[in-house]
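below are the sequence and a predicted model for it; my questions follow.
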Amino acid sequence: MREPGSVLQTMRKLLFIIMGFLILSAFQQREDAAIMNAHVKAIFLYNFTKQIEWPSDYKSGNFVIGVYGTYVPLLNELNKMASTKTAGTQKFEIKEITSIESAAKYHILFVSTDKMAQFGEITSKLKGHGTLLVTEKEGMTKKGSAINFVVVDSKIKFQLSKTNAEKQQLKVSRDLEAFAVKEND
Amino acid sequence: MIKRSKYLLLIALFCVCGSMRITAQKNADFVAALNYVNLKQADSARARVDKAMRDSVVAKDAQSWYVRGFIYKFYYVNKEADNQTSPARAEALRSLRKGLSMLPDTAKTLRESINLQMKSLAAKYHNDAARSLDTSNYKIPVQNFAIYMDIMKQIEPGMNLKPAEIEINLALSAIYSSLYTASPKTRANILEMNKAALLKVLSLDPNNVSANYNMGILYYNQAVFLINNSDYETPLTSLNGIQDDQVQLFKQSLPFTEKAYQLNPKKEETLQALSGIYFGLNDYDKSKLFQEKLDELRKEQKKH
């Protein structure tokens, strides 16, 4: 027969439950924040495929999205997206890019922040290709990027350079223009 | 364990027989019931005590209810010990409470005996609650814990029940958190129950590190769930609204997590959480700052 004093013994089980949860949630956090951020960007990229028109020779075959630089969560998210979605009738093909070739054919090229030093080289190699260049560093639309992810009021938004998009033979919808934030917003 | 049970049984019977002499002599069923207890025949003891209680004289006596409570408790221990919703245990409690309510203020000895039995029942309710609490079973443990609290408040009004209440609510919060991840259909309901459990802890102890941390995590997980469960085809108009809600949730998470950090700056999980929250708020500098603090802490811990 356990008397009230032994209540303390069963407290151990309660503590075990509590501690187990603390460890579990700690593991989740480190992964989740980066995945969540990449998920938002993948949603944006998917929307871009609907709101931008690519040149006619880009309308057949796979819809290629390249990720240049180290960005594993975005690659994972894009691969998940590719397994369930299509860009119109085109299947998505996600590529992890280690070097930019002039002959390469990408519909979208996401250049991560660790490759910004090479951005000039990238724009010259892909000049006139039907490639939507996407970056995520302040001021990049002035350096040739068509879409640049920025943070406004703690939210991910994007800047758009219609001029840079048109240089790449891309037609941007008015709806997409309306969603873009201005450089100094 | 058996020896201790026997010892307690003998004490109880001694008290009963000593104090119940007059009533017992008047009712043969009562005497028989107590004899059955001695013979460890729980079914017969319960049947005879119930028969005895039909006597109007016996039923008006506080001591009779004490004995009935004792016999029902005996029945529970022998026949329904594994039943978390044991009717015999509930009946034992009801009888003891009835006996207590009929006692005059002067009946100190019997009051102590009843309290002792109730305290023992309270421990059983508590232990059942703690032992059986898991993700597949939390409603009955919650009820049992409430009964434990209720009994203790009645028999020991001055007792500090805060630690037990904090402990069970933190454990419940952990259970609800697991359920939140595992059962999408009941998510909203579970979330509110989790918040209620944590707010209860914080009302008892605003500086409780675990409750502050868990409250922060609760909002954090809500924010993450909101985004990660948005389809890739989510239109940009909706995405903007989702991000608004997400930012709101991260901001709700922040004061609790920051408080947990102030209360215990050496807790790795809190530093990870703060790094995650700021990352979620797209404040990468602050996220990095807390990640660096975490790295420093780990280095220190390795040294020791």
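Yes, it's here.

all strands of chain A, in order?
A:52-53, A:63-68, A:86-87, A:90-97, A:108-111, A:132-135, A:147-152, A:155-160, A:171-172 (DSSP state E).

just give the nearest non-adjacent residue to the most centrally placed residue in chain A, would you?
Against the mean C-alpha coordinate of chain A, by CA atoms, centre = their mean, the closest residue is A:K41 at 3.5 Å. Distance criterion CB to CB, 6 or more residues apart in numbering or on different chains; nearest residue to A:K41, sequence neighbours excluded, is A:L74 at 6.0 Å. All C-beta spots, glycine's among them, are computed from the backbone N, C-alpha and C.

measure that neighbour to B:A171 for me?
38 Å (CB to CB, to the nearest Å).

with B:V201 instead?
10 Å.

same question, B:L254
25 Å.

between the two, which one's more packed in?
B:A171 (26 against 19; other CB atoms under 10 Å in any protein chain shown).

and the more buried one, that's in a helix?
Yes. Using DSSP: H, G, I helix; E, B strand; the rest coil, the assignment for B:A171 is a helix.

low pLDDT regions in the chain?
Using chain A here. A:1-31, A:103, A:184-185 (pLDDT under 70).

I was thinking of chain B, sorry if that wasn't clear
Looking at chain B by pLDDT under 70, you get B:1-26, B:183-186.

which residue is nearest the middle of it?
B:F145 (3.5 Å).

OK, contacts around that one?
B:Y125, B:H126, B:A129, B:A130, B:I168 (CB atoms under 8 Å, 6 or more residues apart in numbering or on different chains).

which of the helices or strands spans it?
Secondary-structure assignment from DSSP states H and E places B:F145 in helix B:139-155.

report the buried residues of that helix.
Residues of helix B:139-155 classed as buried by neighbour count (16 or more other CB atoms under 10 Å in any protein chain shown): B:P141, B:V142, B:N144, B:F145, B:I147, B:Y148, B:M149, B:I151, B:M152, B:I155.

what do you get for stretch A:55-74?
Of the residues in stretch A:55-74, A:Y58, A:N62, A:F63, A:V64, A:I65, A:G66, A:V67, A:Y68, A:G69, A:Y71, A:P73, A:L74 count as buried by neighbour count, 16+ other CB under 10 Å.

likewise for stretch B:181-195?
Neighbour-count burial for stretch B:181-195 flags B:I190, B:L191, B:M193, B:N194, B:K195 (criterion: 16+ other CB under 10 Å).

reformat the strands of chain A into JSON lines and put distance to B:Y232 next to each item.
JSON lines is the format used below for these (distance: least, CB to CB, whole Å):
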{"stretch": "strand A:52-53", "distance to B:Y232": "16"}
{"stretch": "strand A:63-68", "distance to B:Y232": "12"}
{"stretch": "strand A:86-87", "distance to B:Y232": "11"}
{"stretch": "strand A:90-97", "distance to B:Y232": "10"}
{"stretch": "strand A:108-111", "distance to B:Y232": "14"}
{"stretch": "strand A:132-135", "distance to B:Y232": "16"}
{"stretch": "strand A:147-152", "distance to B:Y232": "16"}
{"stretch": "strand A:155-160", "distance to B:Y232": "15"}
{"stretch": "strand A:171-172", "distance to B:Y232": "20"}
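
quick one: which of those strands is nearest B:Y220?
strand A:155-160 (16.7 Å; CB to CB).

for A:K143, give its distance to B:T257.
A:K143 is 38 Å from B:T257, by CB to CB.

so between these two, which is more surrounded?
B:T257 (28 against 16).

residue ranges of the helices in chain A, please?
A:7-51, A:72-84, A:119-125, A:162-167, A:174-179 (DSSP state H).

what's the helix or strand for B:I71?
helix B:62-79.

how about that helix and chain A, touching?
Yes. Helix B:62-79 is in contact with chain A by CB under 8 Å from any CB of the partner chain, via B:V77.

got a list of what A:V67 touches?
A:L74, A:L75, A:L78, A:I94, A:K95, A:E96, A:I97, A:F110, A:S112.

what of A:R174?
Here A:R174 is in contact with no residue (CB under 8 Å, 6+ apart).

give me the distance between it and chain B.
13 Å (CB to the nearest CB, to the nearest Å).

roughly how far apart are that residue and A:V134?
Counting by CB to CB - A:R174 and A:V134 are separated by 20 Å.

and if you look at B:K267?
Counting by CB to CB, the gap from B:K267 to A:V134 is 38 Å.

neighbour count winner among the two?
Ranked by neighbour count (other CB under 10 Å), B:K267 and A:V134 place A:V134 first, with 25 against 18.

partner residues bridging the more buried one?
Beta-bridge partners for A:V134, by DSSP bridges, are A:F110, A:I147.

so which residue of the stretch 1-150 of chain B comes closest to chain A?
B:A130 (3.6 Å; CB to the nearest CB).

quick one: which helix or strand includes that residue?
Counting by DSSP H and E, B:A130 is part of helix B:108-132.

list the buried residues of that helix.
B:110-111, B:113-130, B:132.

what is the burial count for B:N27?
By the criterion of other CB under 10 Å, B:N27 has 22 neighbours.

elements contacting the helix holding B:I71?
helix B:2-19, helix B:28-38, helix B:42-53, helix B:87-102, helix B:108-132 (3 or more CB pairs under 8 Å, 6 or more residues apart in numbering or on different chains; DSSP states H and E).

what angle separates that helix from helix B:108-132?
Helix B:62-79 and helix B:108-132 are oriented at 30 degrees to each other (axes from the mean of the first three to the mean of the last three CA atoms, to 10 degrees).

alpha carbons of helix B:62-79, as PDB, please.
Backbone C-alpha positions of helix B:62-79 (Å, rounded to 0.1, in the frame of the first residue of the first chain) are rendered in PDB as follows:
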ATOM      1  CA  ALA B  62     -20.500   8.300  11.200                       C
ATOM      2  CA  GLN B  63     -18.400   5.300  12.300                       C
ATOM      3  CA  SER B  64     -20.500   3.000  10.200                       C
ATOM      4  CA  TRP B  65     -19.600   5.000   7.100                       C
ATOM      5  CA  TYR B  66     -16.000   4.900   8.100                       C
ATOM      6  CA  VAL B  67     -16.200   1.100   8.300                       C
ATOM      7  CA  ARG B  68     -18.000   0.900   5.000                       C
ATOM      8  CA  GLY B  69     -15.300   3.200   3.400                       C
ATOM      9  CA  PHE B  70     -12.600   1.000   4.900                       C
ATOM     10  CA  ILE B  71     -14.300  -2.200   3.500                       C
ATOM     11  CA  TYR B  72     -14.800  -0.700   0.100                       C
ATOM     12  CA  LYS B  73     -11.200   0.300   0.000                       C
ATOM     13  CA  PHE B  74     -10.200  -3.200   1.100                       C
ATOM     14  CA  TYR B  75     -12.400  -4.500  -1.800                       C
ATOM     15  CA  TYR B  76     -10.700  -2.100  -4.300                       C
ATOM     16  CA  VAL B  77      -7.200  -3.100  -3.200                       C
ATOM     17  CA  ASN B  78      -8.000  -6.800  -3.600                       C
ATOM     18  CA  LYS B  79     -10.300  -6.700  -6.600                       C
END
